[in-house]
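K.L.:
Kindly generate the corresponding structure for this input.
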Amino acid sequence: MTIGVIAKLTVAEGKNAEFESVFSELVEQVAANEPGCNFYQVHRSRQDPQLYIVLEQYADQASFDAHGKSDHFRRLGREMGPCLAGPPDIELLD
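P.N.:
Next up, the predicted model:
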C-alpha cells in the first residue's frame with residue numbers, strides 16, 4: 001500500500017529564498033537516493049507566500065520510514081529549520 005504525505009510548511013518572513021534553495025537540494029537528494037519515493041514535490045501557495053505544501057508518495061511504509069532516517073533528510077532538515085516560522089503540519093494518507 002502506498003503512503004501519501006501532505007506537509008504544510010510556514011516559512012519565516014525574509015527566508016523564502018534560503019528555504020527554496022535548501023528544499024531544492026532535498027528534492028534532488030530524494031530523487032537520487034530514494035527509489036521507494038514515487039514523488040516528492042514542493043509548491044508555494046498563491047494565497048499565502050509564506051506557505052509551502054509538500055506532496056509526497058512512497059511505495060510502502062518501509063520507503064517512508066527510510067526517508068525520515070536518511071542522512072540527506074536529517075542534514076537538510078537541520079538546515080531548513082531556521083527558515084521555518086513553526087513546526088510543520090504533516091498529514092499521512094493511506
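K.L.:
Just the pLDDT at residue 69, thanks.
P.N.:
On the pLDDT scale, residue 69 is placed at 98.
K.L.:
Got the phi and psi for it?
P.N.:
Per-residue torsions, residue 69: phi -100, psi -10 (degrees, to the nearest 10).
K.L.:
What separation is there between it and residue 94?
P.N.:
Look at residue 69 and residue 94: by Cβ to Cβ, to the nearest Å, they are 21 Å apart. Every C-beta, even on glycine, is put in place using the N, C-alpha and C of the backbone.
K.L.:
For residue 51, list the residues it contacts.
P.N.:
By Cβ atoms under 8 Å, 6 or more residues apart in numbering, the residues touching residue 51 are 8, 9, 10, 11, 44, 45.
K.L.:
and if you look at residue 3?
P.N.:
By Cβ under 8 Å, 6+ apart, the neighbours of residue 3 are 57, 58, 60, 61, 63, 64, 92, 93, 94.
K.L.:
List the residues that contact the third one.
P.N.:
Read that as residue 60. By Cβ under 8 Å, 6+ apart, residue 60 lies in contact with 1, 2, 3, 36.
K.L.:
Mind putting those residues into a markdown table with secondary structure?
P.N.:
Listed next are the contacts of residue 60 as a markdown table, based on DSSP: H, G, I helix; E, B strand; the rest coil:
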| residue | secondary structure |
| --- | --- |
| 1 | coil |
| 2 | coil |
| 3 | strand |
| 36 | coil |
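K.L.:
Tell me which helix or strand the residue most central in space within the chain sits in.
P.N.:
For the chain, the residue whose C-alpha lies nearest the mean C-alpha position (Cα atoms, centre = their mean) is residue 54; its distance is 5.2 Å. Assigned by DSSP states H and E, residue 54 belongs to strand 51-58.
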